[in-house]
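*Asks:* have a look at this prediction, sequence included:
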Amino acid sequence: MAQVPDQALAYLKPGDDYAIGGLLVHVNRVLVHYRRVLVALVDGGYAPVEPLDSPSDWSEAAVRAKAGLDAAERDEELRLMRAEHAAVVAAARSISDDDWIRKTAVTYEVGAEPFPSSPDDILMWLRDHYREHVDQCPELVAEWARAAG
């Protein structure tokens, strides 16, 4: 993302939900969400977890992700990503071997059913989510370059 041309950060491919720069906003929203869940599991002694995000957290991120970013906003989102990533790593390092695959009922959204989740599950979901967008970013930059002529 640091290498994406500034002019491409607001590019929104027709039909997509995230502008190129908006991918950072989206990834960070997911990173904050799962960091909160992971910390709640560990700090709460693996008691059931109630929703930790408000619906407005997601809707505000969706609006920002669709709008894209400017260069200064990208720098701030990259800083946030580094900090959130470090917080996830710190939480993961605090997990005992016995608790790594321990499932806990986690309610991810208000009104949803609890979903059995372990720290291992959460980190797998985060890893898969990163990889999905790592592949998507250069594809979108190439699409922007073609559209820009």
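*Replies:* Structure's in. What do you need?
*Asks:* what's the longest helix in this structure?
*Replies:* Once the chain is assigned using DSSP state H, the helix that runs over the most residues is helix 119-148.
*Asks:* buried ones in that helix?
*Replies:* 119, 121, 122, 123, 126, 133, 137, 140, 141, 143, 144 (16 or more other CB atoms under 10 Å). Heads up, the C-betas are built off the backbone N, CA and C, glycines and all.
*Asks:* which strands and helices sit next to it?
*Replies:* Applying 3 or more CB pairs under 8 Å, 6 or more residues apart in numbering; DSSP states H and E, we find helix 119-148 packed against helix 22-43, helix 71-93.
*Asks:* so which of the ones you listed is the most packed in?
*Replies:* The highest mean neighbour count among those, using mean count of other CB atoms under 10 Å, belongs to helix 22-43: a mean of 21.
*Asks:* ok now that one, how far from the chain's centre?
*Replies:* 6 Å (CA atoms, centre = their mean, to the nearest Å).
*Asks:* next, the angle from it to helix 71-93.
*Replies:* On the basis of axes from the mean of the first three to the mean of the last three CA atoms, to 10 degrees, helix 22-43 is oriented at 20 degrees to helix 71-93.
*Asks:* give me the helices and strands touching whichever helix or strand comes after helix 22-43, please.
*Replies:* Using DSSP states H and E, the helix or strand that follows helix 22-43 towards the C-terminus is helix 55-67. If you count contacts as 3+ CB pairs under 8 Å, 6+ apart, helix 55-67 packs onto helix 22-43.
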